[in-house]
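# what follows is a protein structure lacking sequence information:
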């Protein structure tokens, strides 16, 4: 009789236990066309470099908004990738530095960052 009670208890627990929650979907693009995660990542990194203050939060948010107004998200991602690869050094970095189209991508992002610094800092 105990095994039957145990079996019915286990069955009740299995039915009452909800399935695991699905992973949250990626955030939709903001009004700038940039995903929220990209905006937050930039602002967090900017604040790490400029101080964890309310003023830095305001300035870093302004900076990201300025970059987003100048550079479409796809171009931003490509330029970030080029800059990251160039920073690794070695043969691969030289490849990313020597190709004119890749150099132009990085220059567009650098120009957007200069504009953001001018407007926000």
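Received it, and whenever you're ready, just let me know what you need. These figures come from a predicted structure and were not determined experimentally.
# quick one: mean pLDDT for stretch 89-109?
What stretch 89-109 shows for mean pLDDT is 88.
# check stretch 46-63 too.
Computed over stretch 46-63, the average pLDDT equals 97.
# which helix runs longest in this structure?
The residue-count maximum for a helix in the chain (DSSP state H) belongs to helix 100-120.
# name the residues that touch it?
Helix 100-120 is contacted from outside by 59-60, 62-64, 66-67, 70-71, 75-76, 78-80, 82-83, 86, 96-97, using CB atoms under 8 Å, 6 or more residues apart in numbering. Heads up, the C-betas are built off the backbone N, CA and C, glycines and all.
# next: stretch 49-66.
Contacts with stretch 49-66, where a contact means CB under 8 Å, 6+ apart, come from 32, 34, 39, 42-43, 46-47, 112-113, 115-117, 119-121.
# what subset of those residues is buried?
Buried residues within the contacts of stretch 49-66, counting neighbours by 16 or more other CB atoms under 10 Å: 32, 34, 39, 42, 43, 46, 47, 112, 113, 115, 116, 120.
# and those as CSV, adding distance to residue 91?
Putting the buried ones among the contacts of stretch 49-66 into CSV (distance: CB to CB, whole Å) gives the following:
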residue, distance to residue 91
32, 36
34, 32
39, 34
42, 29
43, 34
46, 31
47, 34
112, 28
113, 27
115, 33
116, 32
120, 37
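# quick one: contacts for the spatially most central residue of the chain?
Computing the C-alpha centroid of the chain and ranking residues by CA atoms, centre = their mean puts residue 38 first, at 2.8 Å. Contacts for residue 38 (CB under 8 Å, 6+ apart) come out as 73, 76, 77.
# distance check, it against residue 72.
Using CB to CB, to the nearest Å, residue 38 is found at 12 Å from residue 72.
# again with residue 95
For residue 95, the distance to residue 72 - CB to CB - is 24 Å.
# ok, now residue 52?
On the measure of CB to CB, residue 52 and residue 72 end up 30 Å apart.
# ditto for residue 115
For residue 115, the distance to residue 72 (CB to CB) stands at 15 Å.
# cool, residue 112 as well?
Residue 112 is 11 Å from residue 72, by CB to CB.
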